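Chemist: Could you work out the structure for the sequence below:
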Amino acid sequence: MQKIYQSMEDNKRYLDERLGTGKNFDVISRMIEMGGKKACIYFIDGFCKDDVMQKMLQYFIELKEEDMPSDAEAMAGKHMPYGEIDLADEWEQVLYAFFSGVFLLLVDGYEKIILIDARTYPARSVDEPDKDKVMRGSKDGFVETIVFNTALIRRRIRSDELRMEMLSAGKSSKTDIVVCYMGDRVDRKLLGLVKERIQRLQVDALTMNQESLAECLYKHKWYNPFPKFKYTERPDAAAAQILEGSVVVLVDNSPSAMILPTTVFDVLEEADDYYFPPITGTYLRMSRFLIAILTFFITPTFLLLMGHREWIPAGFEFIILKDAENIPLIWQFLLLELAIDGLRLAAVNTPNMLSTPLSVMAALVLGEFSVNSGWFNSEVMLYMAFVAIANYTQSNYELGYAFKFLRILTLILTSIFGLGGYIAGCLILVVSLVCNKTISGNSYLYPLFPLNIKKLSKRIFRMRLPGAQK
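Modeler: Just a heads-up that it's a prediction; the model follows:
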């Protein structure tokens, strides 16, 4: 690594060239005199606290020659008016700190550059996230500033075993990544694996934040649609996972935490399960499990029964289509699967002031008029409406789309091969779950496979907290 120069003028010339001081309007440099020595300060406008900057400049300018320390160590140790101070004698460390928002102080005759951490980042308030809302519980959420996110976790875990290790990735972006875990509870093998893979990343930038990191950490079996990671924007959920021995990864500029390792039971859990009494939490969890299964089976099963109406049990004849099929059922289901995603994308990009009238119009046009016009049967609309609404019973987008892709595949196979295709689609679902692995290489279905009755019961039923009075 390249060392800084002995002369302050050489250091200033090097920084002016690397930082583009004359071209970048937000890169500020200023020559001052402090204690009879020439000095120069560098900072990025918008990253430094104005009140702290003003007080430090006043202190530097008023420093007398007899009070001026002879070296950078003495200056940083006893004569700095601000607490977060570091020293650097290598350009890579200096440039990384500067572009992170740190204030640089160059003093003539000093062999090191003084780094003053007086930065502040633009940030929004820690409001409750729109996606991970709960009926009861904390109403704060992660934001794009990583320091705020670590503070939200620290507020909930006041233990000396809590570890937050800072790493970085990306040749150009040098994105900050924090690995959070409990030192006495974490799986050391998993922790070493995660840190090793982050440190070995050979990418120019994490352009999509956590998704870019996830694709780099887990490169195998991209064709398996089930999520390999669980994401949460809730600090209470992240803190709970850390206390259970999981590893939580925070990426700067991302308002969510990545939880490792992740099984299908982790993905299906939500914070509301624990904010209600055990019996209510168990009901909510089992309802979510059941609805997730129904979203996969309901439309392929209906398609199969419409092709073999003699298999319909007695008393369920009312499910038979009342009107003629102008369009084959398989095409009706596939068109509605696409239409639902179109409505979802439209809702995301619709301005708030127009969302209500457009929603009403979409419901009228795609609901009643599409049935009356003969494009769709009312039974098909009913089952697809259930599927569309049921997808919102759990907060994980990836899991919803995993069931969607496999449901479409099962619909196509059932339409072509009948019962054999239906069974093949169900087998593909089971194989996808069984063959999927966590980042540590363990089973995605644990503790169901391999079977661990005690842990499986805790996954299905909401148990009382340890230490609660009986």
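Chemist: so where's the stretch 251-400 of the chain shaky on pLDDT?
Modeler: Applying pLDDT under 70 to the stretch 251-400 of the chain flags the ranges 353-367.
Chemist: can you give me the helices for it?
Modeler: Assigned by DSSP state H, counting those that start in this stretch, the stretch 251-400 of the chain shows helices spanning 264-268, 278-307, 329-349, 352-363, 370-372, 378-390, 397-417.
Chemist: quick one, which of those is nearest to Thr21?
Modeler: helix 329-349 (40.4 Å; C-beta to C-beta). Where you see a C-beta, it was placed from the backbone N, CA and C, and this is true even at glycine.
Chemist: re earlier: could you dump the helices of the stretch 251-400 of the chain to a markdown table with mean neighbour count?
Modeler: Listed next are these as a markdown table, based on neighbours: other C-beta atoms under 10 Å:
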| stretch | mean neighbour count |
| --- | --- |
| helix 264-268 | 21 |
| helix 278-307 | 17 |
| helix 329-349 | 15 |
| helix 352-363 | 11 |
| helix 370-372 | 16 |
| helix 378-390 | 17 |
| helix 397-417 | 18 |
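Chemist: Out of those, flag the one nearest Arg459.
Modeler: helix 264-268 (4.4 Å).
Chemist: what about that closest one, distance to the chain center?
Modeler: Distance of helix 264-268 from its chain centroid, counting by C-alpha atoms, centre = their mean, to the nearest Å, is 15 Å.
Chemist: same deal with stretch 21-38?
Modeler: Worked out by C-alpha atoms, centre = their mean, stretch 21-38 lies 39 Å from the chain centre.
Chemist: likewise stretch 388-396?
Modeler: 18 Å.
Chemist: measure it end to end?
Modeler: In terms of C-alpha to C-alpha, to the nearest Å, the two terminal residues of stretch 388-396 are separated by 14 Å.
Chemist: need the helices of the stretch 251-400 of the chain in TSV with distance to Arg462, can you?
Modeler: TSV is the format used below for the helices of the stretch 251-400 of the chain (distance: least, C-beta to C-beta, whole Å):
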stretch	distance to Arg462
helix 264-268	12
helix 278-307	3
helix 329-349	30
helix 352-363	34
helix 370-372	41
helix 378-390	21
helix 397-417	20
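Chemist: who wins for proximity to Leu63 among those?
Modeler: The nearest among these, by C-beta to C-beta, is helix 352-363 at 54.0 Å.
Chemist: Quick check: which of the helices of the stretch 251-400 of the chain is nearest to Leu321?
Modeler: Evaluated over these, closeness to Leu321 peaks at helix 378-390, with 5.8 Å, by C-beta to C-beta.
Chemist: what's next to the closest one, contact-wise?
Modeler: Residues outside helix 378-390 that contact it (C-beta atoms under 8 Å, 6 or more residues apart in numbering) are 291-292, 294-295, 298-299, 302, 319, 321-323, 329, 332-333, 336-337, 340, 367, 370-371, 407.
Chemist: residues in contact with Gln241?
Modeler: Gln241 touches Thr232, Val248, Ile259, counting by C-beta under 8 Å, 6+ apart.
Chemist: Can you pull the phi/psi pair for it?
Modeler: phi -70, psi -40 (degrees, to the nearest 10).
Chemist: So it versus Phe461, what's the distance?
Modeler: Distance, Gln241 to Phe461, using C-beta to C-beta, to the nearest Å: 19 Å.
Chemist: Just the closest of the contacts of Gln241 to Thr350, please.
Modeler: Looking across the contacts of Gln241 and measuring by C-beta to C-beta, the closest to Thr350 is Thr232, at 26.3 Å.
Chemist: residues near Asp67, how many?
Modeler: Using other C-beta atoms under 10 Å, Asp67 has 10 other residues around it.
Chemist: Hmm, Gly36 and it touching each other?
Modeler: No. If you go by C-beta atoms under 8 Å, Asp67 and Gly36 don't touch, sitting 10.1 Å apart.
Chemist: Look at the residue nearest to Lys189 when sequence neighbours are not counted and say how many residues are nearby.
Modeler: Closest residue to Lys189 apart from its sequence neighbours, by C-beta to C-beta, 6 or more residues apart in numbering: Ser440 at 7.1 Å. Residues lying near Ser440 (other C-beta under 10 Å) number 15.
Chemist: Also the one 10 residues further on?
Modeler: Here the neighbour count serves as a burial measure; for Pro450 (other C-beta under 10 Å) it reads 9.
Chemist: Give me the phi and psi for Ala169.
Modeler: Dihedral angles (degrees, to the nearest 10) for Ala169: phi -150, psi 150.
Chemist: Quickly list what it is bridged to.
Modeler: Beta bridges link Ala169 to Thr175 when assigned by DSSP bridges.
Chemist: so what's it up against?
Modeler: Neighbours of Ala169 in contact, by C-beta under 8 Å, 6+ apart: Thr175, Ile177, Ile198, Leu201, Val203, Leu206, Leu213, Cys216.
Chemist: Among those, name the ones in strands.
Modeler: Thr175, Ile177 (DSSP state E).
Chemist: Name the nearest of the contacts of Ala169 relative to Ser457.
Modeler: Leu213 (33.9 Å).
Chemist: Which pLDDT does the model give the closest one?
Modeler: On the pLDDT scale, Leu213 is placed at 88.
Chemist: what number of residues lie near the closest residue to Met1 other than its chain neighbours?
Modeler: Nearest non-adjacent residue to Met1, counting by C-beta to C-beta, 6+ apart: Glu90, 4.5 Å away. Other residues near Glu90 number 14, with proximity taken as other C-beta under 10 Å.
Chemist: I'd assumed Ala97 was in contact with Glu90.
Modeler: No. Using C-beta under 8 Å as the test, Glu90 is too far from Ala97 to be in contact (10.6 Å).
Chemist: mind checking how far Gln199 is from Ile114?
Modeler: Counting by C-beta to C-beta, the gap from Gln199 to Ile114 is 28 Å.
Chemist: Identify the spatial nearest neighbour of Pro235, chain neighbours not counted.
Modeler: Leaving aside its sequence neighbours, Pro235 sits nearest to Leu152 (C-beta to C-beta, 6+ apart; 3.8 Å).
Chemist: Check Phe103 too.
Modeler: Spatial nearest neighbour of Phe103, chain neighbours left out: Ile116 (4.1 Å); criterion: C-beta to C-beta, 6+ apart.
Chemist: what sits against the one you found?
Modeler: For Ile116, the contact set (C-beta under 8 Å, 6+ apart) comprises Met56, Met80, Tyr82, Glu84, Ile85, Val102, Phe103, Leu104, Leu105.
Chemist: ditto for Pro261
Modeler: Leu190, Ser246, Val247, Thr438, Ile439, Ser440, Asn442.
Chemist: rerun at 7 Å
Modeler: By C-beta atoms under 7 Å, 6 or more residues apart in numbering, the contact set of Pro261 is Leu190, Thr438, Ile439, Ser440, Asn442.
Chemist: separation between it and Ala169?
Modeler: 20 Å.
Chemist: Confirm Met208 sits in a strand?
Modeler: No. Counting by DSSP: H, G, I helix; E, B strand; the rest coil, Met208 falls outside a strand, being coil.
Chemist: give me the number of residues near it?
Modeler: With other C-beta under 10 Å as criterion, Met208 counts 12.
Chemist: Buried residues of whichever strand or helix holds Glu211, list them for me.
Modeler: Here Glu211 sits within helix 210-217, counting by DSSP states H and E. Counting neighbours by 16 or more other C-beta atoms under 10 Å, one finds that the buried residues in helix 210-217 are Gln210, Ser212, Leu213, Ala214, Cys216, Leu217.
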